[in-house]
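Visitor: sequence and predicted structure below; questions after.
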Amino acid sequence: MSRIGRLPITVPSAVTIDIAEGNVVTVKGPKGTLTKALPKEMEIKSEDGQLSVSRPNDLKKMKSLHGLTRTLINNMVVGVTNGYEKILEVNGVGYRAAKSGNKLTLSLGYSHPVEMIDPDGVESVLEGQNKITVKGIDKEKVGQYAAEIRDKRRPEPYKGKGIKYSDEVIRRKVGKTGK
């Protein structure tokens, strides 16, 4: 039995969950609505404020889908109640970020400024010129957009310049030595 898959999902009172035909789950909460089509083989049951996911048999594929399905539903419930956020830091001399409307402009030492437009359901907020917070209710979209921002200039190991997650640790290297 999957240790994650068998855990029940506690549904807060402000959240409503609809399970449609073909395991299309819609979660509505105070922050918004999320809809996701989940694997059809899994059986999702709702009883007295809790959701449970069960699998039809013990094939390897079913075992792996069991925990995944439960985690996806739980991420949706957490998203519509609390939301998700990722914090990025821009480090480096002359590296800075600016925001106008839904356009994020990054100056990262290239010959041109890098412009990024916030995708639907995701918002980027600037604190100062070097701290970017990506917020949203869909964990997947927040993580993807944060990764795309970081990809514009990844941190390098010698001086630590680039865009990194706030909780990321950069393994530093010693530069070359002259004779």
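Guide: Structure's in. What do you need?

Visitor: and the helix or strand of the chain with the lowest mean pLDDT, what's buried?
Guide: Lowest by mean pLDDT, DSSP states H and E among the helices and strands of the chain is strand 43-47, with a mean of 88. For strand 43-47, burial by neighbour count (16 or more other C-beta atoms under 10 Å) applies to residue 44. Yep, even glycine has a C-beta here, placed from its N, CA and C like the rest.

Visitor: pLDDT (mean, whole number) over stretch 90-98?
Guide: What stretch 90-98 shows for mean pLDDT is 93.

Visitor: ok, back up a step: so what strands line up beside the least confident helix or strand of the chain?
Guide: According to DSSP bridges, strand 43-47 forms sheet pairs with strand 50-54 (antiparallel).

Visitor: following the strand it pairs with, which helix or strand comes up?
Guide: helix 60-81 (DSSP states H and E).

Visitor: run through who's touching that following helix.
Guide: The contact list for helix 60-81 (C-beta atoms under 8 Å, 6 or more residues apart in numbering) reads 2-5, 7, 9, 11-12, 14-15, 17, 25, 27-34, 36, 38-39, 41-42, 44, 51, 53-56, 84, 136-140.

Visitor: do you know how far the closest residue to residue 143 other than its chain neighbours is from residue 114?
Guide: The shortest distance from residue 143 to any non-neighbouring residue, by C-beta to C-beta, 6 or more residues apart in numbering, is to residue 86 (6.6 Å). Here residue 86 is placed at a distance of 18 Å from residue 114 (C-beta to C-beta, to the nearest Å).

Visitor: which one's more surrounded, these two?
Guide: More neighbours surround residue 86 than the other of residue 86 and residue 114, with 22 against 14 (other C-beta atoms under 10 Å).

Visitor: residue boundaries of the strands in this structure?
Guide: Here the chain has its strands, by DSSP state E, at 9-10, 16-20, 24-29, 32-37, 43-47, 50-54, 84-91, 96-100, 103-107, 114-117, 122-127, 131-136, 162-165.

Visitor: need those strands in TSV (columns: distance to residue 153).
Guide: Converted to TSV, the strands of the chain look like this (distance: least, C-beta to C-beta, whole Å):
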stretch	distance to residue 153
strand 9-10	39
strand 16-20	40
strand 24-29	35
strand 32-37	31
strand 43-47	42
strand 50-54	40
strand 84-91	8
strand 96-100	11
strand 103-107	8
strand 114-117	8
strand 122-127	16
strand 131-136	12
strand 162-165	5
